[in-house]
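Asks: Below is the sequence, then the predicted model.
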Amino acid sequence: MNDMTRITVPKDWETDQEVRWCPGCGDYAILKAVQRTMPEIGTPPEKTVFVSGIGCSSRFPYYMETYGFHTIHGRAPAVATGIKLANPELDVWIITGDGDGLSIGGNHMLHLLRRNLDCQVLLFNNEIYGLTKGQYSPTSRIGTRSPSTPFGSVDRPASPCGFALGAGARFIARTIDTAQKTMPEILKRAHGHKGTSFVEIFQNCIVYNDAVFDAFTDKKAAPMNQLNVVHGQPLVFGAGTKGIVFDAAAMALKVVDVVDGDTAGLMVHDEMNRVQAQLLIDMEFGPFPIALGVIWCNPAPSFEAAVVEQNISASAGKPTDLNALIRKGQSWEIAAKELHAV
Ligand SMILES: Cc1ncc(C[n+]2csc(CCOP(=O)(O)OP(=O)(O)O)c2C)c(N)n1
Ligand code: SF4
């Protein structure tokens, strides 16, 4: 994050590139939300970089009027790390998919998160490989039929937020592509957080995995199936009729009825509490709603800040003669020899 602010409007963040997603793809709504939020964030486009890997979602940098890198599969974290180390003043956003970020790029994502590079990761989770025509991904549910799992997948899916928490992320949030009202606030919180901010966005792939999130995104189903967590507020859903308590004997969460709006005894969201974050992320959908919003936020020193500080202290009072440094110790000159005629 930096303090170089300039007034912009959403149009300033749009490019002249033809947007090449399928009509109805959830990626459009995310692009719209990001372009609407950037003016509020205030960093000018020339101080902003979008970095992606490979996938439909990873086409995102083409559509943002900022610096951008469409890199190689799963390697956006490596490129983003280089950018931030070279110029810590830049705002760096990583765009990735469940395949790009958790299959081929899972290892890189792990190290980005544990290092805590100051950047924002937006992981578009559509539970499928969209670009390559619908193969199952690490987040596909058991039984997902796809070209690579014609009889239904048998392996248990990974939870992006669970992975991020385990890897040491210090900011974890979850939202939905169509959540145009609440997503900007989450993006602003992610940007304001110093360190890696991990945001999972449920994104509908209308072509290869349509309606997979309908159980909680459908307008009618949403109130009973979405738990919007707010720091310092009791965990309430179902239009105020249901709440979450911590059953100390079972060491587990439990859904209870809220009678006459009495929320006493309900668990209160504490985004700095890691155990609570784990419990919210692990809630089994069905018996429990899905937790959305900022689930975990507990800042820690960022990677690039530590590297910059170390470089400054290591070089303090030392000569800045590169030539002398190269010639110090193990270096020698090769005497010119006459070559044999061929
Ligand atoms: C080294 C390498 N391996 C495999 C591929 C093929 N490939 C391209 S995108 C992709 C998966 C994309 O899935 P996801 O990240 O979920 O993005 P989506 O298209 O769903 O947005 C794969 C396997 C590739 N481009 N490069
Ligand atoms: S294949 Fe799916 S994810 Fe890719 S652009 Fe089309 S709808 Fe979107």
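Replies: Great, that's in hand. Ligands and ions are numbered 1, 2, ... in the order given.

Asks: When you work out contacts or count neighbours from here on, use the C-alpha atoms and nothing else.
Replies: Noted.

Asks: List the contacts of residue 206.
Replies: Going by CA atoms under 8 Å, 6 or more residues apart in numbering, residue 206 touches 22, 24, 25, 26.

Asks: right, and the last one touches residue 205 too?
Replies: This means residue 26. Yes: taking CA atoms under 8 Å as the definition, residue 26 is a contact partner of residue 205 at 6.4 Å.

Asks: The stretch 1-150 of the chain: strands as residue ranges?
Replies: Along the stretch 1-150 of the chain, counting by DSSP state E, counting those that start in this stretch, strands occupy 48-52, 67-70, 91-97, 119-125.

Asks: now those as CSV including distance to residue 143, mean neighbour count and mean pLDDT?
Replies: Output for the strands of the stretch 1-150 of the chain, formatted as CSV (distance: least, CA to CA, whole Å; neighbours: other CA atoms under 10 Å; pLDDT from 0 to 100):
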stretch, distance to residue 143, mean neighbour count, mean pLDDT
strand 48-52, 29, 25, 98
strand 67-70, 32, 19, 98
strand 91-97, 20, 27, 99
strand 119-125, 17, 26, 99
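
Asks: and residue 301, which of the ones you listed is closest to it?
Replies: Nearest to residue 301, of all these, is strand 119-125, at 12.6 Å by CA to CA.

Asks: Please identify the residues of the stretch 51-200 of the chain in proximity to ligand 1?
Replies: Contacts of the stretch 51-200 of the chain with ligand 1, taken as CA under 6 Å from any ligand atom, map to 54-57, 73, 96-100, 126, 128-132.

Asks: Could you rerun that using 8 Å?
Replies: Contacts of the stretch 51-200 of the chain with ligand 1, taken as CA under 8 Å from any ligand atom, map to 53-58, 72-74, 96-104, 124-132, 134, 137.

Asks: Give me the buried entries from the residues you listed.
Replies: Buried by 16 or more other CA atoms under 10 Å: 53-58, 73-74, 96-103, 124-130, 134, 137, out of those.

Asks: ok, and which of these reach ligand 2?
Replies: 55, 56, 57, 126, 129, 130, 134.

Asks: Wait, the second one touches residue 128, no?
Replies: Spelled out, that is residue 56. No: if you go by CA under 8 Å, residue 56 and residue 128 don't touch, sitting 10.8 Å apart.

Asks: measure whichever residue of the stretch 51-200 of the chain sits closest to ligand 2 to residue 10 for me?
Replies: When distances are taken as CA to the nearest ligand atom, the stretch 51-200 of the chain reaches nearest to ligand 2 at residue 130, 4.1 Å away. Computed as CA to CA, to the nearest Å, the residue 130 to residue 10 distance reads 27 Å.

Asks: Ok, residue 63 next?
Replies: Residue 63 is 12 Å from residue 10, where distance means CA to CA.

Asks: higher neighbour count, the two?
Replies: Neighbours were counted for residue 63 and for residue 10 using other CA atoms under 10 Å; residue 63 has more, 19 against 15.

Asks: so the more buried one touches residue 20, yeah?
Replies: No: taking CA under 8 Å as the definition, residue 63 is not a contact partner of residue 20, at 9.7 Å.

Asks: so how far is stretch 185-200 from its chain's centroid?
Replies: 8 Å (CA atoms, centre = their mean, to the nearest Å).

Asks: Would you mind pulling the contact partners of it?
Replies: Residues contacting stretch 185-200 (CA under 8 Å, 6+ apart): 1, 34, 37, 40-41, 112-113, 116-125, 160-161, 164, 169-175, 293-294, 299-303.

Asks: Weed out the non-buried ones from those.
Replies: Taking 16+ other CA under 10 Å as the criterion, what is buried in the contacts of stretch 185-200 is 1, 34, 37, 40-41, 112-113, 116-125, 160-161, 164, 169-175, 293-294, 299, 302-303.
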